[in-house]
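Asks: Following is a predicted model, sequence given first.
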Amino acid sequence: METVKRTKIIDLLNKTIGFNKKVCVKGWVRTRRGNKHVAFIALNDGSTIHSIQIVVDITHFGEDFLKPITTGACICVNGLLVESQGKGQTAEIQAEEIEIYGTADPAVYPLQKKGHSLEFLREIAYLRPRTNTFGAIFRIRHHLAYAIHEYFNKQGFFYFHTPVITASDAEGAGSMFQVTTLDMINSPKTEEGKIDYSQDFFGSSTNLTVSGQLEGELGAMALGGIYTFGPTFRAENSNTPRHLAEFWMIEPEIAFFDINDNMDLAEDFLKYIISYAMNHCKDDIDFLNKMYDNELIDRLNFVINNKFVRLTYTEGVEILEKSGKKFEYPVYWGADLQSEHERYLVEDHFKCPVILTDYPKEIKSFYMKQNEDGKTVRGMDVLFPRIGEIIGGSEREADYQKLLNRVKELHMSLDSLWWYLDTRKFGTAPHAGFGLGFERLVLFITGMTNIRDVIPFPRTPKNALF
């Protein structure tokens with residue numbers, strides 16, 4: 001074939017190249033149809049939800065040459081870009097040369113021209129990015145990741161890399177994956193008969209991180225404002241549409257911030273990211289709105305256009321108790337609110353996003369700043385329609401003695417947290433931060449209902465395939 005520089009399909013459809021010019025496109029065949037004289041190939045290269053039509057003169061290429069060009073095949077096409085005469089498309093390519101890179105036998109290729117359930121596509125996660133649905137989701141995921149970095153960079157925050165392997169449990173929940181090089185069958189033992197981690201690679205018991213927050217706080221105490229964005233792990237046996245064992249977290253930590261500053265940042269951040277998606281992923285969001293959730297765009301605008309209501313946990317519980325609504329889980333002061341409670345406040349009562357603050361300390365993490373009442377802490381949860389909590393954060397406890405007492409109350413390991421406590425001895429300062437599960441954000445912005453469908457290769461109980 002004659003050498004012509006490849007052009008992405010998105011650039012052809014956006015008219016960045018004029019008509020009646022020779023172009024080269026490369027991609028995967030979505031469909032092929034036609035008659036004895038002409039074939040129409042829908043070609044997609046992943047750059048956009050839209051495919052471009054390749055018009056093929058069968059007398060020029062021959063029927064035998066075209067037979068291997070079936071759904072899933074990968075081809076290179078040189079041809080003339082012309083204005084399309086058909087409906088629903090602006091441009092098409094009159095093929096002059098075609099090279100077949102790879103075939104896909106229709107008898108075994110699982111992505112044929114028909115509707116596939118999301119459950120089935122999870123079983124072939126190595127191919128599902130080629131579908132319109134997952135192409136749209138993963139392009140949106142990319143743009144959201146880019147927007148997150150852009151937002152914090154504009155705000156003067158520094159991207160801070162926290163460790164994936166750690167000896168501390170930031171959440172104090174104990175649901176961590178262990179990291180070891182010891183022989184699982186014949187592990188060395190101490191005199192007490194316990195596993196001797198002094199002989200392990202790191203010389204102590206280590207795990208995959210559940211959060212970069214504790215280390216992020218150290219960064220904020222030196223750089224002023226930082227954010228982390230990386231993989232985190234939870235060994236919870238939660239086989240639900242809302243949980244993953246491996247997921248990504250965004251965690252800003254900011255010195256000299258109190259709970260109110262923290263709420264302002266969370267609201268501004270979420271509105272920025274969702275607006276960015278609406279502006280840069282319009283075709284993909286339109287597709288998902290049409291095919292999966294016709295309220296998606298309205299829900300995104302609902303968040304962008306409404307000021308978030310702020311109230312205390314106590315006030316929220318009072319509203320729920322007086323609502324007269326029968327919930328699956330009982331509501332009482334001290335209860336850890338469930339998604340149904342959170343959604344009622346957002347969707348039925350206030351009809352706008354909600355930020356709840358000042359939670360009972362017994363249901364929140366040890367590092368949250370304690371209020372003067374001795375019962376509550378300066379935690380905050382941002383609640384969205386459909387999914388409930390999307391952000392959890394707090395002003396952090398800056399007082400050494402209060403933090404130490406709380407660690408002791410919860411019987412947490414001082415040996416693994418001494419360095420974190422030490423920061424309250426050396427130039428302590430008010431500071432705050434929050435955590436946002438990236439997949440929860442992608443779930444909200446795509447309108448998907450299962451978190452397994454917004455990460456390329458989900459890790460869930462009994463599943464580490466691909």
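Replies: Cool, the structure landed.
Asks: now the longest strand seen in the chain, how far from the centre of its chain.
Replies: In the chain, with assignment by DSSP state E, the single longest strand is strand 21-34. Chain-centre distance of strand 21-34: 32 Å, with C-alpha atoms, centre = their mean, to the nearest Å.
Asks: Which residues does stretch 438-453 contact?
Replies: Identification of contacts with stretch 438-453 by C-beta atoms under 8 Å, 6 or more residues apart in numbering yields 118, 122, 134, 136-137, 140-141, 144-145, 148, 229, 241-244, 247-250, 273-274, 277, 285, 288-289, 292-293, 295-296, 299-300, 384, 386-387, 390, 454-455, 458, 460. C-betas here are computed from N, CA, C, even on glycine.
Asks: secondary structure element for Tyr101?
Replies: strand 91-102 (DSSP states H and E).
Asks: ditto for Ala125
Replies: Here Ala125 is assigned to no helix or strand, by DSSP H and E.
Asks: Report the separation between it and Glu215.
Replies: Using C-beta to C-beta, to the nearest Å, Ala125 is found at 31 Å from Glu215.
Asks: Mind checking which of those two has more residues around it?
Replies: Legend: neighbour count by other C-beta atoms under 10 Å for Ala125 and Glu215, higher for Glu215 (22 against 18).
Asks: Contacts only, for that one.
Replies: Going by C-beta under 8 Å, 6+ apart, Glu215 touches 160, 162-163, 166, 228.
Asks: which residue ranges form the strands in the stretch 301-450 of the chain?
Replies: Along the stretch 301-450 of the chain, counting by DSSP state E, counting those that start in this stretch, strands occupy 309-312, 354-360, 376-384, 388-395, 431-437.
Asks: And those strands: which comes nearest Pro110?
Replies: strand 431-437 (30.4 Å; C-beta to C-beta).
Asks: Return the closest one as PDB; C-alpha atoms alone will do.
Replies: Once non-C-alpha atoms are left out, strand 431-437 reads as follows in PDB (Å, rounded to 0.1, in the frame of the first residue of the first chain):
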ATOM      1  CA  HIS A 431      -5.800  20.900  58.300                       C
ATOM      2  CA  ALA A 432      -8.500  19.100  56.400                       C
ATOM      3  CA  GLY A 433      -9.100  16.800  53.400                       C
ATOM      4  CA  PHE A 434     -11.500  14.300  51.800                       C
ATOM      5  CA  GLY A 435     -11.500  11.200  49.700                       C
ATOM      6  CA  LEU A 436     -13.400  10.500  46.500                       C
ATOM      7  CA  GLY A 437     -13.600   7.100  45.000                       C
END
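Asks: who does it pair up with?
Replies: The pairing partners recorded for strand 431-437 under DSSP bridges are strand 246-255 (antiparallel), strand 388-395 (antiparallel).
Asks: Quick one: residues in contact with the last one.
Replies: For strand 388-395, the external contacting residues (C-beta under 8 Å, 6+ apart) are 257-259, 262, 266, 270, 338-343, 346, 364-365, 367-369, 377-384, 430-437, 440-441, 444.
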